[in-house]
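Asker: Curious how this folds, go ahead:
(one chain, ligands or ions: 1)
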Amino acid sequence: MNHFEARNGDLYCEDVALEEIARRVGTPVYVYSTATLERHYLAVADAVSGEPALNGALIAFAVKANSNLAVLATLARCGAGADTVSEGEIRRALAAGIPADRVIFSGVGKSEAEITFAISRGVRQINVESAPELHLISRVAQALGRRPDIAIRVNPDIGAGGHAKITTGARESKFGVSLREAARLYAEAAADPNLRMRGLACHIGSQITNLTPLGAAYHRLADLTRDLRAGGLCVDRLDLGGGLGAPYFNSPDPPEPAELVKLAAAAVAGLDVEVAFEPGRVIAANAGVLLATTLHVNARPDGRRFMVLDAGMNDLMRPALYDSFHDIRPLAPRSGRAVSYDVVGPVCETTDTFARARTLPPLQAGDRVAFMTAGAYGAVMASEYNSRPLAPEVLVRGSEWAVIRPRPSHDDLLARDRLPPWMAKAGSG
Ligand code: LLP
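Answerer: As a prediction, this is how the structure comes out:
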């Protein structure tokens, strides 16, 4: 459930007409709904609190899905932790008011500077993805005189996800260590006085709509936990990752968070571990839309109709990268016969195509549309390709709304570049 709905034909976010935001802020613009963020977070949190085996699991929002400070602060106020993959994301989580002891630092390539930063700030746990990284963390910890909490990220050889490019748990993917290697590395690390071994982590993919592989991965972690404990090692935390799909409204809805949580509870039953989840998409995706304006409709003699928008692949990259489907809804649909459009952006690439042969109500230049389900992996993946300023972001709460990241001006963009001294000197050459 989300809080974007039509009222008397006009699309609203909570109690604000999206047309008003588009008119006042301009397009393209991302708009997020506070009530939807809260509702989705609570759907996970309520399910967790109904399962005693989960010991009040930490819900660490995957900051990579949406890292806007106001979005993170909204979730922080609900009690969320954060799953982070860079110093920048840790900084954002802390700045949003998420306590360091609720911040997990994951990722396959952490630099020494980032590890130093994470340990100094006292993050809850570092998820280690390889032996060289473990050794680096040990050296940094020793130099700092700190003993960080560590989990080993296991690659359970179970791939899942809505697209091959977002599958992470298969053997050939770069993430984590095999079950066998994890056991060896865990024992090695447990003997290292610089590290405090706490547990295991896994994350097998994203936009997962079938719970079977997730359940299998959780059981592999639980089995490894029992094996390690049988060898006398302490394992008291399991980080079960994220990955649950969000509805994009082009196929049957994915399972509810409560079903996933139940599965996790069954897998860890009897282990008495602290559990963490790292949901990103399921919380943020349907809490955001991208608004765009139709620049023109280009009707070709062969009958093909290109709807050219002022938003491009640089603003919402998912269709270009993963052929992703995003529902497209006019803010104020006109009456008349539905039309088939190829919906494209202004960027000079053929892949700047949001949809082929999409049937929509008739649209004219100036009409606005919303790309639905754009609150996760939307703004965070945007670029300035073709020297297009990043789209601004707006947060709605009830009948209030505020710009939470303004649109940079063209002067802002230009001012970031420098000419080298030999070109900057007047009259040189
Ligand atoms: N934890 C880890 C370690 C992850 O790598 C990810 C996502 C998550 C949690 C959150 O997964 P979620 O619950 O959001 O599925 N850009 C792609 C998605 C990439 C996901 C990468 N990892 C997309 O637009 O579909």
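Asker: can you count the residues close to residue 422?
Answerer: Counted by other C-beta atoms under 10 Å, the residues lying close to residue 422 total 8. Where C-beta positions appear, they are placed from N, C-alpha and C, glycine not excepted.
Asker: Confirm that it lies within a strand, as I assumed.
Answerer: No. When the secondary structure is assigned by DSSP: H, G, I helix; E, B strand; the rest coil, residue 422 falls in helix instead of a strand.
Asker: how far away is it from residue 328?
Answerer: Plainly put, residue 422 is 49 Å away from residue 328 if you go by C-beta to C-beta, to the nearest Å.
Asker: got it, and residue 6?
Answerer: Plainly put, residue 6 is 14 Å away from residue 328 if you go by C-beta to C-beta.
Asker: Between these two, tell me which one has more neighbours.
Answerer: In this view residue 6 and residue 328 are compared by other C-beta under 10 Å, and residue 328 has more residues nearby, 20 against 13.
Asker: Which strand residues bridge the more buried one?
Answerer: Beta-bridge pairing of residue 328, defined through DSSP bridges, involves residue 371.
Asker: For the stretch 1-150 of the chain, which residues are neighbours of the ligand?
Answerer: For the stretch 1-150 of the chain, the residues in contact with the ligand under the definition C-beta under 6 Å from any ligand atom are 62, 64-65, 83, 106.
Asker: okay, residue 55: pLDDT?
Answerer: The predicted structure scores residue 55 at 83 on the pLDDT scale.
Asker: Name the nearest residue to it, ignoring sequence neighbours.
Answerer: Taking C-beta to C-beta, 6 or more residues apart in numbering, and ignoring the residues beside it in sequence, residue 55 has residue 274 as its nearest neighbour in space, at 5.7 Å.
Asker: any idea which helix is longest in the chain?
Answerer: As far as residue count goes, and with DSSP state H defining each element, the longest helix of the chain is helix 211-230.
Asker: Any idea what residue 177 is bridged to?
Answerer: On the basis of DSSP bridges, residue 177 takes part in beta bridges with residue 154.
Asker: Now do the strands in the stretch 251-400 of the chain.
Answerer: Counting by DSSP state E, counting those that start in this stretch, the stretch 251-400 of the chain has strands at residues 274-277, 288-299, 305-309, 328-330, 339-344, 353-360, 368-371, 393-397, 400-405.
Asker: now these in a markdown table, with distance to residue 45 and mean pLDDT?
Answerer: Listed next are the strands of the stretch 251-400 of the chain as a markdown table, based on distance: least, C-beta to C-beta, whole Å; pLDDT from 0 to 100:
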| stretch | distance to residue 45 | mean pLDDT |
| --- | --- | --- |
| strand 274-277 | 10 | 98 |
| strand 288-299 | 20 | 98 |
| strand 305-309 | 37 | 98 |
| strand 328-330 | 29 | 98 |
| strand 339-344 | 36 | 98 |
| strand 353-360 | 33 | 98 |
| strand 368-371 | 28 | 98 |
| strand 393-397 | 19 | 99 |
| strand 400-405 | 23 | 98 |
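Asker: want to throw those into a markdown table with distance to residue 216?
Answerer: Output for the strands of the stretch 251-400 of the chain, formatted as a markdown table (distance: least, C-beta to C-beta, whole Å):
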| stretch | distance to residue 216 |
| --- | --- |
| strand 274-277 | 17 |
| strand 288-299 | 31 |
| strand 305-309 | 41 |
| strand 328-330 | 36 |
| strand 339-344 | 38 |
| strand 353-360 | 34 |
| strand 368-371 | 34 |
| strand 393-397 | 37 |
| strand 400-405 | 39 |
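Asker: out of these, which comes closest to the ligand?
Answerer: Distances from the ligand to each of the strands of the stretch 251-400 of the chain were compared by C-beta to the nearest ligand atom, and the smallest falls on strand 274-277, at 8.6 Å.
Asker: helices and strands around that closest one, which ones?
Answerer: Helices and strands touching strand 274-277, by 3 or more C-beta pairs under 8 Å, 6 or more residues apart in numbering; DSSP states H and E, are strand 58-62, strand 237-239, helix 257-268.
Asker: Go ahead and name everything in contact with the second one.
Answerer: Defining contact as C-beta atoms under 8 Å, 6 or more residues apart in numbering, one finds that strand 237-239 is touched by 60, 104, 125, 127, 149, 151, 198-202, 221-222, 225, 268, 271, 273-278.
Asker: again, 6 Å this time
Answerer: 151, 198-201, 221, 273-276 (C-beta atoms under 6 Å, 6 or more residues apart in numbering).
Asker: who's the residue nearest to residue 55 bridged to?
Answerer: With beta bridges defined as DSSP bridges, residue 274 has these partners: residue 237.
Asker: Tell me who's in contact with the residue of the stretch 1-150 of the chain found nearest the ligand.
Answerer: In the stretch 1-150 of the chain, the residue found nearest to the ligand is residue 62; the distance is 3.4 Å by C-beta to the nearest ligand atom. Counting by C-beta under 6 Å, 6+ apart, residue 62 touches 83, 242, 278, 280.
Asker: per-residue confidence for the closest residue to it other than its chain neighbours?
Answerer: Sequence neighbours aside, residue 280 is the residue nearest to residue 62 in space, at 3.0 Å (criterion: C-beta to C-beta, 6+ apart). Looking at residue 280, its pLDDT reads 98.
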